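[1] Fold the following for me, if possible:
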Amino acid sequence: MASKKNITFDDIAKYTNFSKTTISRYFNNPDSLTVENQEIISDALVKLNYKENKVARILASGKTEFIGIIIPNLYLHYYSEILNQILSTYETFGYKFLVFTGHENAEMERKYIQELLAYKIEGLIILSHTLSSRELASLQIPIVAIEREDKHICSINTDNYMGAVQAAGLLARHQCDILIHINTPTSPDIPAYGRIQGFEDFCKENHINHRIFCLEIKNTYDSIHQALNGVLEQLETDYPDLKKGIFVSNDTHATILLNQIFRKYGNLPDNYLIMGFDDSAVSREAIIPISTIGQQIDKIAFEAVSLLVTLMEERKKRRPVPLKEPIHKTITPILIRRETTEKNK
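    Next up, the predicted model:
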């Protein structure tokens, strides 16, 4: 059986009596044609059973419709959740994604970026903290950061400070004797530092007994388990009879802490209340659903891609207008009450 002929721009031009230049404009800049001519060409594509050759189009236009993504890891559930949400924006924006995991290795990330640039990505979404925003800005491509240092590049972030105040406020309303925050060492120029600052400010302003644990933790189960077990032992030693409200910096760590308490007692004792941060799926699927600060991950992902598309489309204009200052958008978090704080209700 003879193979089916691929329909070319020349075939479409002959069928519609338009020039090949007009057909090319339909694919690359349809708004330059009248609505009537767009409809004529669109109808022709259906009748000719045209199948678009993406490779040929990339070679002709230089536009790959690829966006690069660099994330720190897939161990923390937040990153896998937000990656899933970013990928789902294809149906809205039509861009495809090339994803690399940096694992906090600067040289590896620089290599990945060069690989992405070789694939002619049109923009980059970066969640990794390894490279400075100044270095990233020097790449001269549209970039949007999510929850990382962002002085020189555009970004979408959660209001981490507000989220921490919401978490501490809920624990305080439950009459906890001491509030605990568990986090990792975080630079003040990283948005997530607001979780530490918001917690501390709330406790000081309301004269609440509190303590902050900043733990050096690798993104492995053994490292996290060992560090959190050490905190639990410390709390048992220092505050055995106090009602403890614990605000953990992310849902993955909150879940592991909850599991450790459960193994020890067979339940979540009344003198332990736990809050996470993210509202990733693991907080809902835990042995006891975990109260958390919802980052509206779907909204963050959509806003990040939307902003990046705006930057990329501006870059494609004949006379693009460069940004005078990076754009920074903040998404309001949502307090989500579940059984680790509302168990007695």
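[2] pLDDT of stretch 154-163, averaged?
    Across stretch 154-163, pLDDT averages out at 98.
[3] mind listing the strands for the chain?
    With DSSP state E as the definition, the chain shows strands at residue ranges 66-71, 96-101, 123-126, 143-146, 154-158, 178-183, 210-214, 244-248, 272-275, 292-294, 328-331, 334-336.
[4] Need those strands in a markdown table (columns: mean neighbour count and distance to residue 79).
    For the C-beta atoms, the positions are set from N, CA and C on the backbone; glycine is no exception. Below are the strands of the chain laid out as a markdown table (neighbours: other Cβ atoms under 10 Å; distance: least, Cβ to Cβ, whole Å):
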| stretch | mean neighbour count | distance to residue 79 |
| --- | --- | --- |
| strand 66-71 | 22 | 5 |
| strand 96-101 | 16 | 9 |
| strand 123-126 | 24 | 12 |
| strand 143-146 | 25 | 10 |
| strand 154-158 | 24 | 14 |
| strand 178-183 | 23 | 17 |
| strand 210-214 | 17 | 21 |
| strand 244-248 | 27 | 16 |
| strand 272-275 | 27 | 20 |
| strand 292-294 | 27 | 16 |
| strand 328-331 | 15 | 17 |
| strand 334-336 | 16 | 19 |
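[5] okay if I get those as TSV plus distance to residue 112?
    Below are the strands of the chain laid out as TSV (distance: least, Cβ to Cβ, whole Å):
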stretch	distance to residue 112
strand 66-71	6
strand 96-101	4
strand 123-126	10
strand 143-146	14
strand 154-158	20
strand 178-183	27
strand 210-214	29
strand 244-248	30
strand 272-275	35
strand 292-294	30
strand 328-331	25
strand 334-336	33
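[6] Show me the one of those that comes nearest residue 21.
    Minimum separation from residue 21 across the strands of the chain (Cβ to Cβ) falls at strand 66-71, 26.1 Å.
[7] With just CA atoms, put that closest one into CSV.
    In CSV, the C-alpha atoms belonging to strand 66-71 read as follows (Å, rounded to 0.1, in the frame of the first residue of the first chain):
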residue,chain,number,x,y,z
PHE,A,66,9.4,24.5,24.9
ILE,A,67,9.7,25.8,28.4
GLY,A,68,12.4,24.5,30.7
ILE,A,69,11.8,23.6,34.4
ILE,A,70,14.4,23.1,37.1
ILE,A,71,13.3,21.8,40.5
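[8] quick revisit: closest to residue 262 out of the strands of the chain?
    Of all the strands of the chain, strand 272-275 comes closest under Cβ to Cβ, at 10.1 Å.
[9] picking up where we left off before, relative to residue 24, which of the strands of the chain is closest?
    Closest among those, using Cβ to Cβ: strand 66-71, at 20.8 Å.
[10] Just name whatever secondary elements the closest one is in contact with.
    Secondary-structure packing of strand 66-71 (3 or more Cβ pairs under 8 Å, 6 or more residues apart in numbering; DSSP states H and E): helix 77-87, strand 96-101, helix 106-118, strand 123-126.
[11] I would like the residues contacting it, please.
    Applying Cβ atoms under 8 Å, 6 or more residues apart in numbering, the contact partners of strand 66-71 are 79, 82-83, 86, 95-102, 109, 112-113, 116, 119-128, 305, 308.
[12] most tightly surrounded among the helices and strands packed on strand 66-71?
    The highest average neighbour count among the helices and strands packed on strand 66-71, using mean count of other Cβ atoms under 10 Å, belongs to strand 123-126 at a mean of 24.
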